[in-house]
Structure formats: structure tokens, C-alpha cells
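J.: With the sequence up front, the predicted model follows.
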Amino acid sequence: MSDAREVFSLRRSGKFEEAFTLASALYEAVPEEIWNIRALGWSIHDCLKIATKAGDTERAKTLLDKLLNLPIGRGEDDAMLRETREYWAQRLEPTANGESIDHVVATAASNSKNGKHIEALTALQAMLADSPKSKSIQSTLAWSIYRALKDARSNDNRGAGSLDQMVLQYQQLDSVEKPSLLHSLILREVAQIESYRNRFIHFFKWWNPAYLRLEDFSRYEPEGTDKSFDSLVENVIRATYKAAKESQDKAEIRWAQEFVGKYLDRFPNQEWFGYYYGKLLVWSGDPLKAREHILPILRRKQSEFWAWDCLASTYGPEQNDLRLALLARALLCRTQDASFLINVRQSLAELLIERGMLQEAAVEIHEVIRQRESKGWKLGEQLIGWQREAWMLESQRSSSNVDLYRTLAATADDIVNEGLPEIEGVVARHIAAKPGEKPRTIISVRLKDRLQDLRVARGRFPVLAQLDVGTPVSVRVDDSERGLDIVSLTRRDGEKWDIVPSAFGIVAAQNLNKGVTTVALTNSESILYHHDAFPGIEDVAAGQCLLVKFTHGKEPGYKHSLTWSLVLKEPAQRFWTDFDGVVTLLPDKAFGFVGSAYIAPEIVSSLSLKSGEQVRVRAVVVFNPKRNEDGLRAVRVERI
């Protein structure tokens with residue numbers, strides 16, 4: 001005979017209708033059995049979920065009546081079933097117009113999705129007043145607030161309702177899951193509301209950064225599009241900086257600085273974030289730490305005005321000479337839009353006025369005013385006050401301060417380079433730009449008694465465009481967390497490739513057909529010199545000693561040949577061997593041997609050698625790739 005256990009088994013199998021039918025029959029047969037009551041109660045719960053999802057309000061009402069009339073026990077074991085009954089009673093309870101709460105919620109959700117935000121929010125807020133703890137109402141209201149915020153921000157749709165009121169309403173919802181997709185989406189919208197900027201940090205502290213999810217650090221890719229946007233955290237860092245910029249609350253600024261600093265390294269490609277953090281450190285009262293932070297960035301970003309401006313902000317009024325130099329250096333940087341520099345110019349003008357350099361200050365002020373007027377921006381009290389000064393009225397707009405910038409720039413460069421060692425180097429090679437990339441140059445420098453190649457974007461140091469490969473240069477190098485980085489580069493006096501050590505070699509072979517000369521080195525290695533790149537080397541006889549320079553390539557054993565010159569006096573420490581022997585030519589072969597020393601075909605043919613002849617040989621040890629071993633190779637053969 002069937003019992004309640006079979007009902008629960010059917011439920012676990014997803015056979016809810018069969019479970020409900022069996023539970024109804026068991027309850028009708030023995031209504032006082034507690035397990036029959038429980039089986040029917042939970043089966044009704046399953047069927048209610050199906051009915052409400054399908055929009056079958058009539059069946060939902062019938063099922064709710066059954067559930068309300070079920071004599072559920074008062075003990076602790078039945079507490080969850082009683083709570084479930086209360087949930088359904090509240091959810092399906094008729095409103096004043098006779099509709100269920102569930103129906104009104106569904107209608108409001110539909111209105112929200114269709115852009116009828118005021119209707120949706122009004123209905124849900126009225127329902128929440130009657131049922132303040134309803135999770136379904138709170139959830140639907142939260143999603144409706146998100147859609148209304150998004151619509152208002154994206155389309156400037158002020159009919160969507162008051163942004164402030166919607167944000168406040170969301171903050172009052174205590175049943176929203178946190179962390180969750182919805183909670184993160186709300187933060188994304190609030191972070192991009194310009195009118196909410198001065199309250200954003202307060203809101204974000206309430207939102208709680210501890211609720212950031214792993215996916216909030218990844219780029220955002222909306223469904224149905226092939227586009228991607230900055231991650232939520234990137235948007236929040238940007239909004240936090242902007243809010244702190246307008247804040248007068250030191251504690252709030254310090255909180256913003258700690259948040260940005262915590263996640264700064266997660267986004268190395270966001271160049272401005274380093275600037276934000278530096279500024280936040282200054283505003284929070286820690287200019288020395290700000291300077292330590294911004295200097296390595298500036299050494300890599302010397303062409304970016306904002307890096308110089310940020311460093312300038314780390315110096316106080318007692319160091320205005322340094323601030324003046326750094327601001328002037330910032331104005332030598334190129335920008336996509338001249339209006340980016342208006343704050344730098346205005347700060348520089350302020351310092352120039354303090355020094356009585358009124359004509360120079362006027363140049364900056366005129367340019368700031370011109371840029372602001374062209375953008376339709378307000379001038380502000382300081383600019384308006386300057387405009388009324390007699391020295392401004394008498395000044396000329398056409399003059400320029402570029403010469404002043406260049407004069408002051410040397411001091412700014414000294415600040416950046418202070419404490420960095422000056423190292424000798426040479427231009428190793430220029431690398432042509434690939435599509436989408438910048439042209440680069442390899443600089444070889446001597447570090448710890450060995451050569452090391454450093455790559456630098458050619459545009460960082462315009463002088464590189466005028467320097468040939470091998471030209472001596474002097475560089476300053478910053479050994480930062482990101483590795484060695486060239487901070488400054490100037491040409492120096494010296495011979496080409498002067499830092500590359502010379503090595504003795506001996507011409508081992510000449511291949512005129514291929515246009516290549518092989519030079520054997522002291523350690524059984526060799527290097528190739530191509531005749532088109534090194535004219536004259538093809539005339540050097542085999543066995544001749546040379547002084548050569550080369551650098552090692554990325555691949556093991558590969559070398560870049562640089563220079564060669566004849567050696568008139570053989571080195572005291574020889575790396576070859578001289579001996580006498582008998583020629584042995586192999587049948588039907590163009591080459592031969594003297595002992596174990598290989599004699600190349602070109603030597604055999606040039607001397608018309610024959611087997612059995614007595615000769616004197618000079619041989620070097622070279623690597624034989626075919627046998628994968630070292631062997632002797634004759635570089636000079638003379639008859640005795």
C-alpha cells in the first residue's frame with residue numbers, strides 16, 4: 001500500500017502532479033496522519049510554483065485554499081511548512097482591487113521591462129508599504145530601480161523618476177541578495193551618474209566593497225553584442241577619484257585613496273589610475289608617498305602631461321620653484337586636445353604672477369580663456385578676476401612661452417633623473433613598426449660586466465631618429481618593479497660599438513658564391529660576416545687574424561656581427577694549432593684531410609693539392625653541426 005514516503009520520492013523525481021494526486025488521496029483516506037498532511041502541504045507548494053509561473057491564477061487560488069485549510073502541526077518540525085504557507089498566503093493575497101499581489105508584481109515587472117518606470121515604481125512602492133518584508137516585492141522593485149536608473153542615465157530620460165529618490169529607495173531594501181548581479185548592476189549605474197558624484201563615496205561605502213564579485217573585475221560584455229566595456233571596478237575607481245576631487249572630507253578622501261590603492265595593480269593598462277592614486281595621496285595629506293608613487297610612472301611616461309602635473313602637485317608652496325619647472329615641462333608634452341592642459345596652464349599662471357612675471361602669466365591666461373570659451377565652459381572667479389587686471393588688458397595674445405618652458409625643463413628633468421645611475425650604451429638596432437605598434441629601438445648597455453639589451457619606444461626620445469646603429473649613447477635607467485626602463489637618453493662621444501668587447505678571430509673560410517666569410521673564435525664557436533654588410537672582408541685571406549665585435553642573439557649560438565679589423569700582430573695566446581702532415585684526398589670527393597684536420601674544397605682546388613703531399617697546416621677547432629661535435633678545420637695550408 002502506498003504511503004507518504006512514495007509522495008516524497010515522486011517529488012524528488014520531479015513528478016509533482018503525480019505526487020500531488022497521491023498525497024491528496026492519502027490525506028482524504030487518513031486526514032489525521034501527520035505525514036499525510038506534510039506530504040500534501042509540500043505537494044501543494046510544488047504545484048503553486050508551477051501554476052504561478054504559468055500564470056494560472058484560478059488553479060493557484062484553488063491550491064492556496066487547500067493549503068490554508070490544511071491542519072499543519074504547531075510543532076517545531078512543521079515550522080518550515082507553516083512559513084511556506086504564510087509566504088503563499090501573502091504572495092497570493094488579493095489586493096484592494098481583487099488582484100493577487102503576485103499578479104500586481106508581475107504586471108509591475110512587465111511595465112518596468114517595457115520602459116514604463118513610473119507606473120512600475122509607483123505600484124511596487126505602494127505594495128511594499130503594505131508588505132514591507134515581502135522578498136518578491138523588494139526583488140522586483142530593486143530590478144525596476146536598476147532599469148529606471150539605466151534608462152535615465154543612458155537616454156537622459158528624466159521621466160523615469162528622481163535619480164536621488166531611486167538610489168535612496170534601493171538603499172532601504174533589506175532583502176536584496178548581496179553580493180549579487182543586481183547589487184553590482186546598481187553600483188555600475190550609480191558610478192556613472194554625474195549628478196550623483198558628490199555623494200558617490202558615501203553610497204559606495206554603504207554598498208560595501210566587500211560585496212565585489214570576481215566577475216566585477218573583468219570587462220563587461222552585454223548579451224547580444226560583440227562589444228566590451230571597462231569592468232565595474234574600473235568604473236568605480238574612476239567615479240571614486242572624481243568624487244574625492246570634489247570632496248572636502250579628509251576621512252572620505254583617505255578612504256577613497258585606500259580603495260584605489262588596493263586595486264591599482266589589477267589594471268596595469270589603465271594609465272590614468274596611477275595619476276588618480278597620486279592625486280588622492282596628495283589630497284589625503286601624504287605628498288611624499290605620492291611622490292614615491294608617481295616618480296616611477298613619470299619615468300616611463302615622460303611624454304604624458306598628467307604625469308608631470310601630478311608630480312608638481314606633490315610639492316608645497318615652499319618648493320614653488322620646482323612646481324614651476326614641472327608644470328612648464330608638462331606644457332612641452334603633446335596632447336590630443338589642447339583643452340586638456342587648461343588646469344596646468346592656470347596653475348602655472350598663478351605661480352608666474354607670484355614671481356611678478358605678468359607678461360608670461362598673461363600668455364597662459366589668454367590661452368585658458370580661449371580654450372574654455374571654445375568649449376562653452378565657464379571661466380570661474382579666478383579667471384574673471386585676472387581679466388580685469390590692468391596688466392592683462394595691456395598684454396598681447398600672440399606671444400608664446402615655449403622658450404620659458406624649455407629653460408625650466410632642465411630642472412624638471414633633473415628632478416626625475418635624480419639618484420639614477422648614468423650608464424654607457426650603444427644603439428644596437430632599430431626595429432620597424434608592425435601594424436598597430438610603435439617603432440622601437442634596442443639599446444645595448446653594460447650592466448654588471450655584461451651587455452644587456454633594453455627596448456625603448458623610439459618616440460620617447462626623438463634623438464634616436466638621427467642615430468645610426470652602433471652610435472654611443474648615455475642613458476639613465478630606472479630599476480623598478482616592472483624591470484629596467486630607460487628614463488633619459490643622450491648621444492655621447494666615442495667610437496661606434498665602443499662598449500662591446502673585442503675578441504680575436506681567424507678567417508676560417510670564404511664562400512664567395514654565398515657572399516659569406518666564416519670567422520672562427522677562441523671557444524670553438526664561429527661568426528658569419530656577410531659581404532654586402534661588411535665590404536672588404538671578402539678580400540681577407542683564410543688564416544688571417546682579425547679583431548671582431550659581436551653581440552649574442554636570442555637563440556643559443558646565434559651572434560650579431562658588428563665590426564672587424566685586421567690584426568697585424570698575432571695574439572700571444574693562440575687559439576689555433578700549427579703542424580706538419582700528409583694530404584689525404586678522398587676518392588671522388590673535392591675535400592680532404594691532413595691528419596684529423598678537414599681541408600675544404602676551395603683550399604684543395606686553389607693549391608691543386610694531391611694525396612701524399614707534405615704540407616704545413618694551421619687549423620682551428622670549430623663545431624661540426626652534421627656530426628654535432630667539435631673538429632679541426634684547416635684555415636691555412638702551405639707546401640713544405
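T.: Thanks, I have it. Remember, it's a predicted structure, so these values are computed and weren't measured experimentally.

J.: would Cys333 count as being in a strand?
T.: No. Cys333 is assigned coil when assessed by DSSP: H, G, I helix; E, B strand; the rest coil, not a strand.

J.: I'd like to know how far it sits from Ala152.
T.: For Cys333, the distance to Ala152 equals 38 Å [CB to CB, to the nearest Å]. C-beta coordinates here come from the backbone N, C-alpha and C atoms, glycine included.

J.: again with Ala191
T.: Computed as CB to CB, the Ala191 to Ala152 distance reads 14 Å.

J.: Neighbour count for these two, which is higher?
T.: Taking neighbours as other CB atoms under 10 Å, Ala191 and Ala152 compare with Ala191 leading, 24 against 21.

J.: I figured that one was touching Asn235, is that so?
T.: Yes. Using CB atoms under 8 Å, Ala191 is in contact with Asn235, at 4.8 Å.

J.: any idea which helix or strand carries Tyr62?
T.: Actually, residue 62 is Thr. It isn't Tyr. Here Thr62, judged by DSSP states H and E, is contained in helix 57-68.

J.: who's in contact with that helix?
T.: 40-41, 44-45, 47-48, 51-52, 85, 88-89, 92, 100, 102-103 (CB atoms under 8 Å, 6 or more residues apart in numbering).

J.: Can you name the next helix or strand after that helix?
T.: With elements assigned by DSSP H and E, the helix or strand that comes after helix 57-68 is helix 79-91.

J.: ok and that next one relative to helix 57-68, angle-wise?
T.: Orientation of helix 79-91 against helix 57-68 (axes from the mean of the first three to the mean of the last three CA atoms, to 10 degrees) gives an angle of 140 degrees.

J.: Buried residues of helix 79-91, list them for me.
T.: For helix 79-91, burial by neighbour count (16 or more other CB atoms under 10 Å) applies to 81, 84-85, 88, 90-91.

J.: tell me how far that helix is from the chain's mean position?
T.: Offset of helix 79-91 from its chain centre (CA atoms, centre = their mean, to the nearest Å): 51 Å.

J.: try stretch 251-264
T.: Counting by CA atoms, centre = their mean, stretch 251-264 comes out at 19 Å from the chain centroid.

J.: Flag the shaky bits of the stretch 451-600 of the chain, pLDDT-wise.
T.: Low-confidence segments of the stretch 451-600 of the chain, defined by pLDDT under 70: 480-482, 554, 557, 573.

J.: what are the ranges of the strands in it?
T.: With strands called from DSSP state E, counting those that start in this stretch, the stretch 451-600 of the chain shows them at 472-480, 483-491, 503-511, 516-521, 526-530, 545-552, 559-566, 576-585, 592-594, 597-599.

J.: any residues touching stretch 32-41, and which ones?
T.: With CB under 8 Å, 6+ apart as the criterion, stretch 32-41 contacts 3-5, 7-8, 19-20, 22-24, 26-27, 29-31, 66-67, 70-73, 78, 81, 84-85.

J.: Mark out where each domain of the chain begins and ends.
T.: With domains defined by automatic domain parsing, the chain comprises 4-91, 98-176, 193-279, 286-418, 419-491, 576-639.

J.: What average pLDDT does the fourth one get?
T.: Domain 286-418 shows an average pLDDT of 92 in the prediction.

J.: so how far is that domain off the chain centroid?
T.: Domain 286-418 sits 29 Å away from the centroid of its parent chain (CA atoms, centre = their mean).

J.: Which strand or helix spans Ile342?
T.: Element membership of Ile342 [criterion: DSSP H and E] is helix 342-354.

J.: in the helix or strand just after that helix, what's buried?
T.: Of the helices and strands lying after helix 342-354 in sequence (DSSP H and E), the nearest is helix 358-375. Neighbour-count burial for helix 358-375 flags 358, 360-369, 371-372 (criterion: 16+ other CB under 10 Å).

J.: Any chance of JSON lines for those residues, columns distance to Arg616?
T.: Output for the buried residues of helix 358-375, formatted as JSON lines (distance: CB to CB, whole Å):
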{"residue": "Leu358", "distance to Arg616": "88"}
{"residue": "Glu360", "distance to Arg616": "81"}
{"residue": "Ala361", "distance to Arg616": "85"}
{"residue": "Ala362", "distance to Arg616": "87"}
{"residue": "Val363", "distance to Arg616": "82"}
{"residue": "Glu364", "distance to Arg616": "82"}
{"residue": "Ile365", "distance to Arg616": "87"}
{"residue": "His366", "distance to Arg616": "86"}
{"residue": "Glu367", "distance to Arg616": "82"}
{"residue": "Val368", "distance to Arg616": "85"}
{"residue": "Ile369", "distance to Arg616": "89"}
{"residue": "Gln371", "distance to Arg616": "84"}
{"residue": "Arg372", "distance to Arg616": "88"}
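
J.: Now do the same for the spatially most central residue of the chain: helix, strand or coil?
T.: Closest to where the C-alpha atoms of the chain average out (CA atoms, centre = their mean) is Asn269, at 2.4 Å. The local conformation at Asn269, judged by three-state DSSP, is coil.

J.: Phi first, then psi, for it.
T.: Asn269 adopts backbone torsions of phi -80, psi -10, taken as degrees, to the nearest 10.

J.: Ok, Lys150 next?
T.: phi -60, psi -40.

J.: just checking, it touches Glu189?
T.: Yes. In this structure Lys150 lies within contact range of Glu189 using CB under 8 Å: 5.5 Å.

J.: Near Tyr275, how many other residues are there?
T.: The number of residues packed near Tyr275 is 23, by other CB under 10 Å.

J.: May I ask you to confirm that it is in contact with Ala307?
T.: Yes. With contact defined as CB under 8 Å, Tyr275 reaches Ala307; the gap is 6.8 Å.

J.: Common neighbours of the two, please.
T.: Residues touching both Tyr275 and Ala307 (CB under 8 Å, 6+ apart): 294, 297.

J.: Nearest residue to Phe591 in space, please, no chain neighbours.
T.: Nearest residue to Phe591, sequence neighbours excluded (CB to CB, 6 or more residues apart in numbering): Pro601, at 5.0 Å.

J.: Next, count neighbours for that neighbour.
T.: 11.

J.: and what of Asn624?
T.: Look at Asn624: counted by other CB under 10 Å, it has 13 neighbours.

J.: ok, now the one 4 residues further on?
T.: By the other CB under 10 Å criterion, the neighbourhood of Asn628 contains 7 residues.

J.: Let me see the confidence value for it.
T.: For Asn628, the pLDDT comes out at 76.

J.: Then Ile101?
T.: Here, the pLDDT recorded for Ile101 equals 61.

J.: What of Tyr277?
T.: The predicted local confidence for Tyr277 is 94.

J.: who touches it in this structure?
T.: 257, 260-261, 264, 293.

J.: element containing the closest residue to Arg199 other than its chain neighbours, please.
T.: Residue nearest to Arg199 in three dimensions, not counting chain neighbours: Ala243, with 7.7 Å by CB to CB, 6+ apart. Applying DSSP H and E as the criterion places Ala243 in helix 232-246.

J.: Check Gln165 too.
T.: Element membership for Gln165, per DSSP H and E: helix 163-171.

J.: how about whichever helix or strand comes after that helix as PDB, C-alpha atoms only?
T.: Proceeding N to C from helix 163-171, the next assigned helix or strand is helix 181-191, under DSSP H and E. The C-alpha coordinates for helix 181-191 follow below in PDB (Å, rounded to 0.1, in the frame of the first residue of the first chain):
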ATOM      1  CA  LEU A 181      24.400  40.500 -10.100                       C
ATOM      2  CA  LEU A 182      21.700  43.000  -9.300                       C
ATOM      3  CA  HIS A 183      23.700  44.700  -6.500                       C
ATOM      4  CA  SER A 184      26.700  45.100  -8.900                       C
ATOM      5  CA  LEU A 185      24.500  46.400 -11.700                       C
ATOM      6  CA  ILE A 186      23.100  49.100  -9.400                       C
ATOM      7  CA  LEU A 187      26.700  50.100  -8.500                       C
ATOM      8  CA  ARG A 188      27.600  50.300 -12.200                       C
ATOM      9  CA  GLU A 189      24.700  52.700 -12.900                       C
ATOM     10  CA  VAL A 190      25.300  54.900  -9.800                       C
ATOM     11  CA  ALA A 191      29.000  55.200 -10.600                       C
END
